[in-house]
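S.K.: A structural model of the following input is requested.
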Amino acid sequence: MNGLTPRRLFRALAVAEAITWALLLAGMFLKYVTETTELGVRVFGMVHGVVFIAYCLVTVVVAVDQRWSTGRTLLGLAAAIPPFATLPFEVYADRRGLLGSDWLSRPDSPGSLQRLVAWLLAHLRLAITLLVVAVAVLTAGALAVGPPAG
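M.R.: Here you go, the predicted structure:
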């Protein structure tokens, strides 16, 4: 799988989500504390939103593949809400063996969701394209609804 493991994929998104939180918080500091510019919130708010959605989608894929319980999956998703919580959740998941170095989903897996993950892994370019499209559609939907506080 060219080095793309559940552990590496999840870790990359968990770190990216935390970094974008930091950038958004820096933008909020500039907007609300120093009152110098809104640009940081506009730019980093959008970047964080996109990475947040990508993290959530990847969390679901990894949770299905690694056979997480519903509670752990919900905890992984909830970790994206407080700033930087994806990092301790990633450590927690890794230490408990929830992030394997191998994909568990196979075309003959008993569950239809595992078979879907196996199909996506077998068609990685298409899977990445679908991920980008899903993130774009969900981002557009979020923009249509408006900002969280607005």
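S.K.: alpha carbons only for contacts and neighbour counts from here, please
M.R.: Noted.
S.K.: where's the most centrally placed residue in the chain relative to residue 11, distance?
M.R.: The centroid of the chain falls nearest to residue 55 when counting by CA atoms, centre = their mean (0.3 Å). Residue 55 sits 10 Å away from residue 11, going by CA to CA, to the nearest Å.
S.K.: What is the three-state secondary structure of residue 100?
M.R.: Secondary structure state of residue 100, per DSSP: H, G, I helix; E, B strand; the rest coil, is coil.
S.K.: For it, which residues are in contact?
M.R.: If a contact means CA atoms under 8 Å, 6 or more residues apart in numbering, then residue 100 has 5, 6, 7, 66, 94 as its contacts.
S.K.: which of those residues are buried?
M.R.: Neighbour counting over the contacts of residue 100 (16 or more other CA atoms under 10 Å) leaves 5, 6, 7, 66 as the buried ones.
S.K.: which non-adjacent residue is nearest residue 114?
M.R.: Closest residue to residue 114 apart from its sequence neighbours, by CA to CA, 6 or more residues apart in numbering: residue 105 at 5.0 Å.
S.K.: is it true that the one you found touches residue 118?
M.R.: Yes - the pair residue 105 / residue 118 is scored as a contact, 5.0 Å apart, by CA atoms under 8 Å.
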